[in-house]
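Visitor: Provide a 3D model corresponding to the input given below.
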Amino acid sequence: MVLDELSGGIVERLDSGTAAFVNSSGLAKASPMGMGLYRIEPVGKVGSVRTSTLQLDVRPKDRLGLSRLLFLLGYAGEQGFRPDSVAAAEDRELWSALAESLAQLAERALGRGVLQGYLTVDESLRTVKGRIRISDQISRRPGMLVPLEVSYDEFTEDIAENRILRAALERMGQVPRVRPEVLSRLRQLKGKLDAVTRLPAGAPPPPWTPSRKNVRYYSVLRLAELILRKASAEAGEGKQQTAAFVVDMEQVFADFVSTALRDAMAAYPGEMRLQYNALLSEAVRDSDRLSVRPDAVHMLGGRPVVVYDAKYKAAADLGASLTADHYQMLAYCTALKVPTAWLVYAGAGEVKLRRILNTDIDVVEFPLDLSRPPSEILAAIGELARQSWGEVVRAAR
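Guide: Residues are numbered from 1 along each chain as shown. Here you go, the predicted model:
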């Protein structure tokens, strides 16, 4: 079953267990209609859920491919993310593309052998190795000379990079109905990492630091981290395998625009603050105060000079309200005492400036076409930064 995220849904026959899984996934809502029929409706998320008997895909508007989705997710998750940090095989369905992409990138990363590095180990030994942890020795073994509490650096494969990669390979290997040849490759790759500690279920990926030594792992680690954060795969009731990859595009778009805009505005004076809190109303009690929180505000000399907000749904999209967005931008400008607000929409179109009647406030609608290559998307953000800074300079004259 394939749905567009802006569609009104479809009617399908499901068993109660599958309907419960769809509802618990957060990707869609399955409402019973009687006689085993359910209305399946998107709930503002995109992604895919899969069992041995069902696959439901909710695709982003404009049919964004997996590479573009991973680019937005990666950039939003880490400042300085390069457009080529995640490559993805395009496929008609998400799970095949994810599995094939992970296999390809892991084969490339492990082609020259498993990465090794130094890991700090804390142990109790009868001989000195590395350094003695004096405070632990006193607190744990007062008055005893042995065993000794020591720390030392060991050159090993059991490092954060390999733990992340092993966990991602295991998770994708649990997805039902992955093509046998791809599943075999994932298992062979995981076999190279059998000496690596397995991450506990639900544990976040351990931190790692990019360096010259692990540069060949960059791409696969970016993808592996996204899989661990956004995808789940496990045995459900009756040992039935289930998998879900669910993304909130509204949040992803806002995070991407904010992060990319902060990078672009770094070339100009001042500083960018994300998720900026400002008071909208006065009140005697703090609990009665109203506040606003735009996605990004550029500060100059300690005061706001321009405000930005990202809206994934464009005015032409089902359920979007252009008027409501402009009300919100007017509130931002009023609360922050800035003359111009930039409203960044996901979609193609032209830049439009709207002067709000009986005010000196301008709201500029700036479209961002996500179907373009990553380099062009970032170039458009750079143009947004250039134009908005030009407005700041003109207003100051």
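Visitor: residue 124 is in what secondary structure piece?
Guide: Counting by DSSP states H and E, the element that carries residue 124 is strand 117-125.
Visitor: excluding its backbone neighbours, what's nearest residue 110?
Guide: Once flanking residues are discounted, residue 110 sits nearest to residue 192: 5.7 Å by C-beta to C-beta, 6 or more residues apart in numbering. Just so you know, the C-beta spots here come from the backbone N, C-alpha and C atoms, and that holds for glycine as well.
Visitor: before we move on, what about residue 2?
Guide: residue 57 (4.8 Å).
Visitor: residue 5 is in contact with the one you found, correct?
Guide: No - with contacts counted by C-beta atoms under 8 Å, residue 57 stays clear of residue 5, the gap being 10.2 Å.
Visitor: tell me the spacing between residue 30 and residue 15.
Guide: 11 Å (C-beta to C-beta, to the nearest Å).
Visitor: ok, those two, which is more surrounded?
Guide: Between residue 30 and residue 15, counted using other C-beta atoms under 10 Å, residue 30 has the larger neighbour count: 21 against 12.
Visitor: tell me the first helix or strand C-terminal of the strand holding residue 124.
Guide: strand 131-132.
Visitor: can you pull the buried residues of the strand holding residue 124?
Guide: When burial is assessed from 16 or more other C-beta atoms under 10 Å, strand 117-125 yields the following buried residues: residue 117.
Visitor: grab the nearest non-local neighbour of residue 304.
Guide: residue 336 (4.3 Å).
Visitor: over to residue 175?
Guide: The nearest residue in space to residue 175 (C-beta to C-beta, 6+ apart) is residue 243, at 4.2 Å.
Visitor: bridging residues for the closest residue to residue 266 other than its chain neighbours?
Guide: Using C-beta to C-beta, 6+ apart and skipping residues adjacent in sequence, the residue nearest residue 266 is residue 272, 7.5 Å away. Under the criterion DSSP bridges, residue 272 forms beta bridges with residue 298.
Visitor: I'd say residue 272 and residue 257 touch.
Guide: No - in this structure residue 272 lies outside contact range of residue 257 using C-beta under 8 Å: 11.5 Å.
Visitor: those two: which has the busier surroundings?
Guide: residue 257 (29 against 21).
Visitor: per-residue pLDDT of that one, please?
Guide: pLDDT, residue 257: 95.
Visitor: next helix or strand past the helix-or-strand element of the chain with minimal mean pLDDT?
Guide: Ranked by mean pLDDT, DSSP states H and E, the weakest helix or strand in the chain is strand 231-235, scoring a mean of 75. Counting by DSSP H and E, the next helix or strand C-terminal to strand 231-235 is strand 241-247.
Visitor: elements contacting that following strand?
Guide: In terms of contacts (3 or more C-beta pairs under 8 Å, 6 or more residues apart in numbering; DSSP states H and E), strand 241-247 is packed against helix 16-25, strand 46-50, helix 94-110, helix 218-230, strand 231-235.
Visitor: give me that answer again for 10 Å
Guide: helix 16-25, strand 46-50, strand 55-59, helix 66-77, helix 94-110, helix 218-230, strand 231-235 (3 or more C-beta pairs under 10 Å, 6 or more residues apart in numbering; DSSP states H and E).
Visitor: of the ones you listed, which approaches residue 357 most closely?
Guide: When these are compared for distance to residue 357 using C-beta to C-beta, the nearest one is helix 66-77, at 35.5 Å.
Visitor: now the spatially most central residue of the chain. Nearest residue, chain neighbours left out?
Guide: The centre of the chain sits closest to residue 73, judged by C-alpha atoms, centre = their mean, with a distance of 3.7 Å. Leaving aside its sequence neighbours, residue 73 sits nearest to residue 226 (C-beta to C-beta, 6+ apart; 5.5 Å).
Visitor: adjacent strands (with direction) for the least confident helix or strand of the chain?
Guide: Strand 231-235 is paired, per DSSP bridges, with strand 241-247 (antiparallel).
Visitor: right, and the helix or strand after the strand it pairs with?
Guide: helix 249-265.
Visitor: return the set of buried residues in that next one.
Guide: Buried-residue list, helix 249-265, by 16+ other C-beta under 10 Å: 249-250, 252-265.
Visitor: helix or strand: which one has residue 146?
Guide: Here residue 146 is assigned to no helix or strand, by DSSP H and E.
Visitor: contacts only, for the closest residue to it other than its chain neighbours.
Guide: Spatial nearest neighbour of residue 146, excluding adjacent residues (C-beta to C-beta, 6+ apart): residue 126 at 5.0 Å. Residue 126 makes contact with 145-148, according to C-beta atoms under 10 Å, 6 or more residues apart in numbering.
Visitor: what strand or helix carries residue 205?
Guide: Applying DSSP H and E, one finds residue 205 in no helix or strand.
Visitor: then residue 372?
Guide: Applying DSSP H and E, one finds residue 372 in no helix or strand.
Visitor: now the closest residue in space to it that isn't next to it in sequence: how far from residue 69?
Guide: Nearest residue to residue 372, sequence neighbours excluded (C-beta to C-beta, 6+ apart): residue 380, at 7.4 Å. Distance from residue 380 to residue 69, counting by C-beta to C-beta: 18 Å.
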